[in-house]
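Asks: Quick one: sequence plus predicted model below, questions after.
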Amino acid sequence: MRYGEKQKAALSFNIEKHIPLLFVLPCFIVLLSVSVFPFLYSLWLSFNKWELGIGQRSPTFAWLSNYARLFSDSRFLGSMENMAEVLVFGVGAQLLIGLGVALLLNRPFRGRSWVTTLFLLPMMICPVVVGCNWKMIYHYTYGPLNHILRLIGIGEGLNWLGSSDLALPSIIIADTWEWMPFMMIVLLAGLQSIPEELYEAAKVDGASRRQVFWYITLPSLKTIIIIAVLIRMMDTFKLFDLVALLTQGGPASASETISFYNYLTGFKFFNMGYAASLAYIQLAVIIIIASLFLRFLRKEEGE
Amino acid sequence: MKGAVLKMFIGIALVGCLILGTSSSFGAEVVTLTVIGDAGHNLKPFEWYAPIFKEEFGVELKVIGVPFGELYEKEKIEFVAQTGAFDICIVYPKYMGDFAGAGYLMNLDEYVGKLGTRMDDVAAGYRDFYCKVGGSLYAVPYDGDVLSLYYRKDLFENADEKAAFKSQFGYDLKAPATWDEYVDVAKFFARKAGDKLAGETRKTPFYGTAFYGQRDQIYAWWGNRFASMGGVYFDEETMKPAVNSKAGVDALENMKAVVPYCPPDVLAYGYEELKDIYLNGDAAMVIQWPCVGKKGGDPNQSKIVGKVGLAPVPGVMKAGKVYSRAMMPCGRVLAIPADTKHPWKAYQVVQWLSVVSSCADVSTALTGLDPYRLSHFETPEAFEMFPTAEDARIYLAGIKANMSNGYPEPPIPGSMEYIDALAVNIIRALEGEKSAQKALDDAAKEWEGITARFGLEKQRKLYQGLVAGWRAAGLWE
Amino acid sequence: MGDRRLRTRRLFQRNDYFVILAFVVMALLLIVFLSPIFWMVTTAFKDKGEYFTYPPMYLPKKLDFSHFFRGLKLGGAKGIQDTLIVAASTTALSMAIGSLAAYSLARFRIGGKHFAFWILSIRMMPPIASVLPLFLFYRFLKILDTYEALIITYTIFNLPFAVWMLKGFFEELPAELEEAALVDGCGRLGAFYKIALPLIAPGLVATALFCFMFSWNEFFFALILSRSNITPITVVIAGMIGGHEILWAEISAVAAMASIPIIVLAIFLQRYLVRGLTLGAVKG
């Protein structure tokens, strides 16, 4: 080092004091500079009426009429219901199956990395193709799924995409298939980070497998589980490709999710103001859900 | 002396530059035009004729392919933001009201005077419903889509089936001419696995018919019936929606009557499913686009080569004659954005494609473009995908008949919203959730709401302008 | 290390029955999850008229690779290249900036919970609402249809993800090791770089993999923000879904080829993911 001892100490002292802020600064600058405009623009737009669908040149101020329209819009309410179904059943299934597979993969065995990679495959395929692929699979007459069901003897096959009852579950199944690997990998990473001594201490104490799982494994995973579920929920709100390719929100609006309806209002009907208000209501809902999750997390951590 | 020589050199240099400069502007000044359209084989003609465009018009084309389902929003966003990024657009006609009405597209009337588009050669329906807005020409046709009735010729000519049909229904089996006959034939041909069909035992179910059940275009299948029963979208005077008139309800009831004889997942059927159920030999009839006829003769894609029959879309009996209208969903036209920097060159390119090369383009198997000019219908030998010219001639005659009865998609601004509201309600009725009358009443109410949001007066004027043009062309009562 | 192997061996001896059950379950799950992929891969070899048949074609008639070449020619090659550039750049950027921010948030609680929540809320913004403003913003900066536009956009969504994932992993990490390093005279940066980062290697790997994959598979922004200079692979594949012709085989073929870079990345990163904590420092 070319600096003298004293100068080095002084320099590092000054930087050390500001490290917390410096570490966070690049992130803050990047996010602020690019996200501010979209946020404010859409917020402003949600209070305006801008029917681009018929060529209205510029927005006209409309107070809260967009938001008022939301609550009497049965399509919107239906899509939120569908969204809730997907969140509960879809993310729930992904969590359970993902946890199961992660636990199975946690102990080392020969070929483990290959098996892990194989389980990862569904998530690595372009979502557009996942949609096309499952569209073929779900075909009533020519699809392999019904063919296998018929071979096993389960009736004539199920009307996966053409009935209001099964349209949304079909999407949920495809979505679970696609995103289970996400949960699996995150939980696996979490499991792998649990310190060995905890297990060893439990073994010394003579704990059974179930006790080890409930009292050591799960609590250590709590933070990771909550964050993973939170992120999956946020992303599921954006579920679009599968809906667009499998059912287009149909039959009628049985499998229409909020993001698909938002896409319709914004990019097919071009009701720009209304679409912006839909987006902000979505944002409000997600923020409420996220806050609840995080409050639960903090309580667990005893903050 | 040195000064004089210098001046001479400068003089020669200046003159040389002048000559070079003027020659380069008089010669082929090559301009790059950007074309936007749906990705895939329909953009091929732009590639094929690139050398000609360069030679004759001094134009080089940059072609941007956009996914089919997203072409509208991509074009719209660029128009709204006034990026001026395109010089030629492929547009789906149902958006012409939107684009032309908002002033995004160039009025072509002026150029038509200089270089004609032979619009008199274009099938009347296509020309007046889809290319003209408010009496002015805004686009030239590129791909003609119209629905036709395809049926299994061989089954309809089978002696056993004919006898059985006659005994069950009391009249001769033939391609249904009315919608009631359509239901009868569908019911007759719906067979379960293990039943006999034309002397053979079916291993899988056989369906009477199928239709496009997905939300984006199902209204066209209802529209065939609606139009033939005399329906109109709006009341001209008041702009009150007329989809829930008797014609609308009857049309929807007829569609409902046919659902039991269709595949169970018919409400999820899009283009591919509809084509395959027929070409795989699992349905007796479908109402579909022209390309099914073209693919029917290809042994790689069709299991019923030689058995494809084409007929006019069914209609209703009116004064002893069958009155039928065929919807023309989708389709493509070429338009020029108003803010292009090279309007004349762009016009030359689209004129070429629509007039000069169109016959070659619609008759080749390398594109998905379909015929729309009377001259196309009169050159069956050009259509290479048919085994004989006679097959092509029969096919073209059928398409022409349907196109001359063409009925437009609602081309008014906001068409997407109107269509979506209608489709959702139609599907609810087909599923049995609502009665046909209630479903259409709900649709009409939603339409009223949409019109109110857009401004009743504005929409009414636009609609009246459109109808006036159609009436002048003799296509509207 | 020795302890661990001993423990594993004893487990196997005592619980053979349970282990066999575990393997059977795993094999079943593997079959269930891989069969759609099998269908996709075999579809890539099928020709027109073979996609929708009864009975369904489980095995292709022949291993015809022409669809792979055709898919590459139809924009697949450039698509993979463009998306590779975008995804790699945004992942590198998000991981670098995000790990620093995550460390600060975890250790020092900078800005309290509100700042952390603000970061997360950026990812919550529905893309529909941000597309038009971002389009106008990039047009103003004249970077429409460039790599930069997509890289910036994806970073906005990847950064909050990276920050929150890594924050979670940092928070689970006991701070004693870094304290020890600080006492030894190592600066904060050194403690971060030499101690904390390596210890959350599994978390880093998982997060990087996801950032890469999210960017790789994103469709909507890719569609709107690109025209012809940049052709992300998702838009290329969607372009094969035509109105009257869907190129099923080419779609499957290009998707399979497009997954290869990610699969290679995942295999490569596996080592770090499941290495586990074996540093003696933890015990001692």
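Replies: Received the coordinates, thanks. What you see is a predicted model; the values in this text were computed from it and never measured.
Asks: Which of the three states applies to residue B:116?
Replies: coil (DSSP: H, G, I helix; E, B strand; the rest coil).
Asks: residue contacts, it?
Replies: Applying CB atoms under 8 Å, 6 or more residues apart in numbering or on different chains, one finds that residue B:116 lies in contact with residue B:355. In short, each C-beta sits where N, CA and C put it, glycine included.
Asks: so does the host helix or strand of residue B:72 get close to chain C?
Replies: Using DSSP states H and E, residue B:72 maps to helix B:71-80. Yes: Helix B:71-80 reaches chain C (CB under 8 Å from any CB of the partner chain) through B:73-74, B:77.
Asks: Show me what that helix is packed against.
Replies: With contacts taken as 3 or more CB pairs under 8 Å, 6 or more residues apart in numbering or on different chains; DSSP states H and E, helix B:71-80 sits against strand B:31-38, strand B:88-91, helix B:96-101, helix C:127-141, helix C:220-225.
Asks: mind redoing it with 10 Å?
Replies: strand B:31-38, strand B:59-66, strand B:88-91, helix B:96-101, helix C:127-141, helix C:220-225 (3 or more CB pairs under 10 Å, 6 or more residues apart in numbering or on different chains; DSSP states H and E).
Asks: closest to chain A out of the ones you listed?
Replies: Nearest to chain A among these is helix C:127-141 (3.3 Å), distances taken as CB to the nearest CB.
Asks: Make sure residue A:209 is actually in contact with residue C:19.
Replies: No: here residue A:209 does not reach residue C:19: they are 11.8 Å apart, not a contact under CB atoms under 10 Å.
Asks: out of the two, which sits in the busier spot?
Replies: residue C:19 (15 against 12; other CB atoms under 10 Å in any protein chain shown).
Asks: hang on, the earlier thing: with mean neighbour count and distance to chain A added, can I get the helices and strands packed on helix B:71-80 in TSV?
Replies: Below are the helices and strands packed on helix B:71-80 laid out as TSV (neighbours: other CB atoms under 10 Å in any protein chain shown; distance: least, CB to the nearest CB, whole Å):
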stretch	mean neighbour count	distance to chain A
strand B:31-38	20	15
strand B:59-66	19	13
strand B:88-91	26	15
helix B:96-101	26	6
helix C:127-141	21	3
helix C:220-225	22	7
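Asks: Now do the same contact list for the closest residue to chain C within the stretch 201-303 of chain A.
Replies: Closest residue of the stretch 201-303 of chain A to chain C, CB to the nearest CB: residue A:279 (3.3 Å). Neighbour list for residue A:279: A:42-43, A:45-46, A:258-259, A:262, A:265-266, C:125-130 [criterion: CB atoms under 10 Å, 6 or more residues apart in numbering or on different chains].
Asks: Look up how far residue C:160 lies from it.
Replies: 17 Å (CB to CB, to the nearest Å).
Asks: The stretch 51-200 of chain A: helices as residue ranges?
Replies: Applying DSSP state H, counting those that start in this stretch to the stretch 51-200 of chain A gives helices spanning A:65-71, A:74-85, A:92-106, A:112-124, A:127-137, A:144-152, A:164-192, A:196-205.
Asks: I'd like to know which of those is closest to residue B:423.
Replies: Taking CB to CB, helix A:74-85 is the member of the helices of the stretch 51-200 of chain A nearest to residue B:423, at 12.3 Å.
Asks: what angle do that closest one and helix A:164-192 make?
Replies: Going by axes from the mean of the first three to the mean of the last three CA atoms, to 10 degrees, helix A:74-85 is angled at 40 degrees with respect to helix A:164-192.
Asks: Which pLDDT value goes with the closest residue to chain B within the stretch 51-200 of chain C?
Replies: Of all residues in the stretch 51-200 of chain C, the one sitting closest to chain B is residue C:52 (4.2 Å; CB to the nearest CB). Model confidence at residue C:52, given as pLDDT, is 91.
Asks: didn't it look like it was pressed against residue A:147?
Replies: No: with contact defined as CB under 10 Å, residue C:52 and residue A:147 do not form a contacting pair (11.7 Å).
Asks: higher neighbour count, these two?
Replies: Comparing residue C:52 with residue A:147 by other CB under 10 Å, the one with more neighbours is residue C:52, at 22 against 18.
Asks: Can you name the residues that contact the more buried one?
Replies: Residue C:52 touches A:136, A:139, A:141-143, B:272-273, B:275-277, B:279-280, B:282, C:46, C:248, counting by CB under 10 Å, 6+ apart.
Asks: With respect to residue B:202, which of these is nearest?
Replies: residue B:282 (9.0 Å).
Asks: what's the burial count for the closest one?
Replies: Residue B:282 has 21 nearby residues by other CB under 10 Å.
Asks: Enumerate every residue touching it.
Replies: A:141-142, B:202, B:204-207, B:210, B:263, B:276, B:303-304, C:52, C:54.
Asks: which residues of chain B score low on pLDDT?
Replies: Along chain B, the parts satisfying pLDDT under 70 run over B:1-28.
Asks: what do you get for the stretch 151-284 of chain C?
Replies: Where the stretch 151-284 of chain C drops to pLDDT under 70, the residues are C:273-284.
Asks: Flag every residue of it that's near chain B.
Replies: Neighbours of chain B within the stretch 151-284 of chain C, by CB under 10 Å from any CB of the partner chain: C:219-220, C:223-224, C:226-229, C:231, C:234-248.
Asks: distance of residue B:137 from chain C?
Replies: 24 Å (CB to the nearest CB, to the nearest Å).
Asks: how close does the nearest residue to that residue once chain neighbours are set aside sit to residue B:331?
Replies: Nearest-residue entry for residue B:137: residue B:108, 4.5 Å, with adjacent residues in sequence omitted and distances by CB to CB, 6 or more residues apart in numbering or on different chains. Distance, residue B:108 to residue B:331, using CB to CB: 18 Å.
Asks: Helices of the stretch 51-200 of chain B, start to end?
Replies: Assigned by DSSP H, counting those that start in this stretch, the stretch 51-200 of chain B shows helices spanning B:71-80, B:96-101, B:109-114, B:124-125, B:153-156, B:159-169, B:179-189.
Asks: Hmm, residue B:157 is touching residue B:306, no?
Replies: No: between residue B:157 and residue B:306 there is no contact under CB under 10 Å: 11.9 Å.
Asks: what ranges do the helices span in the stretch 301-450 of chain B?
Replies: Going by DSSP H, counting those that start in this stretch, the stretch 301-450 of chain B shows helices at B:343-351, B:358-363, B:374-377, B:389-404, B:415-431, B:436-454.
Asks: want to throw those into JSON lines with distance to residue B:254 and mean neighbour count?
Replies: Supplementary listing: the helices of the stretch 301-450 of chain B in JSON lines, determined by distance: least, CB to CB, whole Å; neighbours: other CB atoms under 10 Å in any protein chain shown:
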{"stretch": "helix B:343-351", "distance to residue B:254": "40", "mean neighbour count": "21"}
{"stretch": "helix B:358-363", "distance to residue B:254": "32", "mean neighbour count": "21"}
{"stretch": "helix B:374-377", "distance to residue B:254": "30", "mean neighbour count": "19"}
{"stretch": "helix B:389-404", "distance to residue B:254": "18", "mean neighbour count": "20"}
{"stretch": "helix B:415-431", "distance to residue B:254": "11", "mean neighbour count": "24"}
{"stretch": "helix B:436-454", "distance to residue B:254": "9", "mean neighbour count": "19"}
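Asks: out of these, nearest to residue B:297?
Replies: Closest among the helices of the stretch 301-450 of chain B, using CB to CB: helix B:389-404, at 6.7 Å.
Asks: picking up where we left off before, and the buried ones among the residues of the stretch 151-284 of chain C next to chain B, selectable in ChimeraX?
Replies: Selection of buried members from those for ChimeraX, criterion 16 or more other CB atoms under 10 Å in any protein chain shown:
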select /C:219,220,223,224,226,227,231,234,235,236,237,238,239,240,241,242,243,244,245,246,247,248
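Asks: The residue most central in space within chain B and residue B:281: what is the separation?
Replies: Note on chain B: the residue nearest the mean C-alpha position is residue B:331, at 2.5 Å, using CA atoms, centre = their mean. Taking CB to CB as the measure, residue B:331 falls 28 Å from residue B:281.
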